[in-house]
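**Student:** Just to be clear, the model below is a prediction. Sequence and coordinates:
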Amino acid sequence: MDPDDVAYKKSVRNMSLVLAAIVITVFVALAVSPVLFPATSTFQTSTSLDSTFGFSLHLDVNTTAPLAGGGVEVTGWLNSTSGSIINVTAANSWGIGPTADLWGEACTTGWPLGLGIIQGHYTQDNVSFASLYPIPLPAHQCSTASPSPGSFLLEPQSTKALVTLDGVPQYWVLRSSYPLNTAGLSPGTYTAVLADEWGDVVTTNFVVS
């Protein structure tokens, strides 16, 4: 074979390898950058998730860009999507943990909702791999002898649930709010989480500057 032909084919092959490497590099950069460097302009203050148990979970943050030393209000609630009363049995099957790092309702044993914070950018698809940030809980004195409800009678299209504790019926409004002080957080992206005891998890994000 002519040496010029050999050199030409080698040059073409090398050029093809270089172009392939460039294409792969660009593809990886486009795929990875939204994960490592999410576009904060796409962050939502409100998100929701429909559960298979006849209700929906709703999660709000009052800002997606709290200032360092300021704060962000994280609020979550459960709302029945049924037109009639439904009975949901307590499950204690949380989709994220440890539950000790979830904020529910002070002194209310068996509260079915928990709010949490995760350092980094996560979504419902990968949040189960994340570790909850230990958020400080407000000081309170709680009894350790409080019973837990065995089921929740959810009012139609409502956040209200009828529960029975020691034979005494009472209404709970299934809504929790946590005022997170960002003074102790490093600058960066964080994920707010709302979980319920039936394994549902909904997320949204904010950035501390």
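**Tutor:** Arrived safely.

**Student:** show me where pLDDT drops low in this structure?
**Tutor:** 1-41, 137-145 (pLDDT under 70).

**Student:** The same query, at a cut-off of 90, please.
**Tutor:** Scanning the chain for pLDDT under 90 picks out the ranges 1-43, 66-70, 97-101, 104-109, 124, 128-129, 134-147, 166, 181-186, 209.

**Student:** mind listing the strands for it?
**Tutor:** Taking DSSP state E to define them, one finds strands in the chain at 46-50, 55-61, 71-80, 86-89, 113-119, 132-133, 151-154, 160-165, 168-173, 175-181, 188-196, 201-208.

**Student:** As JSON lines, those with distance to P98 and mean neighbour count would be great.
**Tutor:** Heads up, the C-betas are built off the backbone N, CA and C, glycines and all. Shown next, in JSON lines, are these (distance: least, Cβ to Cβ, whole Å; neighbours: other Cβ atoms under 10 Å):
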{"stretch": "strand 46-50", "distance to P98": "21", "mean neighbour count": "15"}
{"stretch": "strand 55-61", "distance to P98": "20", "mean neighbour count": "21"}
{"stretch": "strand 71-80", "distance to P98": "18", "mean neighbour count": "21"}
{"stretch": "strand 86-89", "distance to P98": "23", "mean neighbour count": "14"}
{"stretch": "strand 113-119", "distance to P98": "10", "mean neighbour count": "22"}
{"stretch": "strand 132-133", "distance to P98": "7", "mean neighbour count": "19"}
{"stretch": "strand 151-154", "distance to P98": "23", "mean neighbour count": "20"}
{"stretch": "strand 160-165", "distance to P98": "24", "mean neighbour count": "18"}
{"stretch": "strand 168-173", "distance to P98": "23", "mean neighbour count": "12"}
{"stretch": "strand 175-181", "distance to P98": "17", "mean neighbour count": "17"}
{"stretch": "strand 188-196", "distance to P98": "11", "mean neighbour count": "23"}
{"stretch": "strand 201-208", "distance to P98": "14", "mean neighbour count": "22"}
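
**Student:** Dump those strands into JSON lines; add distance to G97 as well.
**Tutor:** Shown next, in JSON lines, are those (distance: least, Cβ to Cβ, whole Å):
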{"stretch": "strand 46-50", "distance to G97": "18"}
{"stretch": "strand 55-61", "distance to G97": "17"}
{"stretch": "strand 71-80", "distance to G97": "16"}
{"stretch": "strand 86-89", "distance to G97": "20"}
{"stretch": "strand 113-119", "distance to G97": "9"}
{"stretch": "strand 132-133", "distance to G97": "7"}
{"stretch": "strand 151-154", "distance to G97": "21"}
{"stretch": "strand 160-165", "distance to G97": "23"}
{"stretch": "strand 168-173", "distance to G97": "22"}
{"stretch": "strand 175-181", "distance to G97": "17"}
{"stretch": "strand 188-196", "distance to G97": "9"}
{"stretch": "strand 201-208", "distance to G97": "11"}
